[in-house]
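*Asks:* Quick one, what's the 3D model for this:
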Amino acid sequence: MVAVFLAQGFEEVEAFTPLDYLRRCEELDVKTVGVTGKMVTGSHGITTIADLSLEELNLEELEMIILPGGMPGTINLEKSEKVQAIINYCIVNNIVIAAICAAPSILGHKGILNGKKASCYIGFEDELIGATVLNEPVVVDHNIITARGAGVANEFAFALIEKLLSKARAQKVKDSVLWQEK
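*Replies:* Now for the predicted structure:
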């Protein structure tokens, strides 16, 4: 299962674009996970009902977790002890962790980015402790995928599909949404 974590104040585009594109891949099980309950409001006032609460998440089913950015969404993700424990579980079990915008800072603060390449929203570079920070839209370094922000949510989603399935499957989704390379 792919789990898209939704904390109060999450950036909607960074959560819903990967959610939508990944769900177009019928072979994937993709769920939203409410960090403090199933009703979650994003940073731009869009309220959604998550598929699962943190308590309902079965860690043994995880293939990937997605940490959207946004403020105060990133702060709320980071201060959740349960989210921190799930990130630790992913590291120990070699599960893909994807973070976009400010959310890669959570990984930097945990020391997960030591010796890795990463990207983030402008102004959060110093928070990616131990990383080689690249000015790239999306950076894939083994099982860590990071991206700059809402403006690259499409590219982020395609990179996630490519990591989980294949480049060909990502291209099929690109074609279905009439994506045009720049």
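
*Asks:* Please state the backbone phi and psi of the residue nearest the centre of the chain?
*Replies:* Of all residues in the chain, the one closest to the mean position by CA atoms, centre = their mean is residue 66, 2.6 Å from it. Per-residue torsions, residue 66: phi -120, psi 130 (degrees, to the nearest 10).

*Asks:* My read is that it contacts residue 101, right?
*Replies:* No. Between residue 66 and residue 101 there is no contact under CB atoms under 8 Å: 11.6 Å. Placement of C-beta: from N, CA and C, glycine included.

*Asks:* and for these two, which residues touch both?
*Replies:* Counting by CB atoms under 8 Å, 6 or more residues apart in numbering, no residue touches both residue 66 and residue 101.

*Asks:* hey, what's the residue nearest to the centre of the chain bridged with?
*Replies:* residue 4, residue 98 (DSSP bridges).

*Asks:* what sits against it?
*Replies:* The contact partners of residue 66, by CB under 8 Å, 6+ apart, come to 2, 3, 4, 5, 15, 18, 98, 99, 100, 160.

*Asks:* Any chance of a markdown table for those, columns pLDDT, neighbour count and distance to residue 133?
*Replies:* Formatted as a markdown table, the contacts of residue 66 follow (pLDDT from 0 to 100; neighbours: other CB atoms under 10 Å; distance: CB to CB, whole Å):
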| residue | pLDDT | neighbour count | distance to residue 133 |
| --- | --- | --- | --- |
| 2 | 98 | 24 | 26 |
| 3 | 98 | 27 | 26 |
| 4 | 98 | 24 | 24 |
| 5 | 98 | 28 | 23 |
| 15 | 98 | 28 | 23 |
| 18 | 98 | 27 | 22 |
| 98 | 98 | 27 | 17 |
| 99 | 98 | 32 | 13 |
| 100 | 98 | 33 | 14 |
| 160 | 98 | 27 | 20 |
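
*Asks:* Among those residues, which one lies nearest to residue 148?
*Replies:* Lowest distance from residue 148 to those (CB to CB) belongs to residue 100, with 7.4 Å.

*Asks:* I'd like to know how far that closest one sits from residue 13.
*Replies:* According to CB to CB, to the nearest Å, residue 100 stands 9 Å off from residue 13.

*Asks:* Spit out the residues that contact these two alike.
*Replies:* Residues touching both residue 100 and residue 13 (CB under 8 Å, 6+ apart): 150, 153.

*Asks:* which residues sit against stretch 129-139?
*Replies:* With contacts defined as CB under 8 Å, 6+ apart, stretch 129-139 is touched by 104, 108-109, 111, 113-120, 125, 145-148, 152, 155-156, 159.

*Asks:* what about it, distance to the chain center?
*Replies:* How far stretch 129-139 lies from its chain's middle: 15 Å, per CA atoms, centre = their mean, to the nearest Å.
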